[in-house]
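Engineer: how does the following fold in three dimensions:
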Amino acid sequence: MKNLSILGLTSLLTCSMLFVVCKSESHLENPYREKTEKELETLSNEKYSEIIALANPKECTDPGDWKIIDIQTLCGTSHIPYHRSVDKMTLQNMINDYNKLMEIYQPMMAPRINCTPYQKPLDVICKEGKAAIKYEDPQTN
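Structural biologist: Residues are numbered from 1 along each chain as shown. Reported below is the predicted structural model:
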């Protein structure tokens, strides 16, 4: 009987802890949820510029020195080139934060923008000293 009450007490404690953990995780909402459209626009422009500045620290002379990373934009998933010397964890953290902003901002803007269809990125090319993405030609599909 004593074992049964200890088991019951342990179960109750476990359930209570799970409830507290689940409730506290629900407070990990998107930090951009309460921002106005204008604030989101300003933040998205600033954050995107910071991401591009980090991702492109030097002139593109050898496409082999560059990689491709996904980022969310107003039109969905897009891609940016980044130099191999860039700390990918820092870049990914910045992109993750930007993507959270896009979760809120994109639905506000979607009815007002005209997006081009998704294109599959093939490789990075150097164009006038800048890294650019080479996409699959939609005519060949």
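Engineer: any idea whether C126 is helix, strand or coil?
Structural biologist: strand (DSSP: H, G, I helix; E, B strand; the rest coil).
Engineer: residue contacts, it?
Structural biologist: C60, T61, D62, P63, A132 (CB atoms under 8 Å, 6 or more residues apart in numbering). Placement of C-beta: from N, CA and C, glycine included.
Engineer: before we move on, what about T77?
Structural biologist: D70, I71, Y118.
Engineer: quick revisit: just the buried residues of the contacts of C126.
Structural biologist: Buried members of those, counted by 16 or more other CB atoms under 10 Å: C60, A132.
Engineer: what about the strands in this protein?
Structural biologist: Under the criterion DSSP state E, strands of the chain are mapped to 66-73, 76-83, 121-127, 130-135.
Engineer: so which of the ones you listed gets nearest Q106?
Structural biologist: Proximity of the strands of the chain to Q106 was assessed by CB to CB; the nearest stretch is strand 66-73, lying at 7.2 Å.
Engineer: whichever of the contacts of T77 end up buried, select them in ChimeraX.
Structural biologist: Filtering the contacts of T77 down to the buried ones (16+ other CB under 10 Å) takes a single ChimeraX command:
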select :71
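Engineer: in TSV: the contacts of T77, plus distance to E29 and pLDDT.
Structural biologist: What follows is these, written out as TSV (distance: CB to CB, whole Å; pLDDT from 0 to 100):
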residue	distance to E29	pLDDT
D70	23	97
I71	22	97
Y118	29	82
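Engineer: hmm, back to that, which among the strands of the chain is found nearest to M108?
Structural biologist: strand 66-73 (13.6 Å).
Engineer: packing partners for that closest one?
Structural biologist: strand 76-83, helix 88-109, strand 121-127 (3 or more CB pairs under 8 Å, 6 or more residues apart in numbering; DSSP states H and E).
Engineer: pLDDT (mean, whole number) over the first one?
Structural biologist: Put plainly, it is strand 76-83. The average pLDDT for strand 76-83 rounds to 96.
Engineer: thank you, goodbye.
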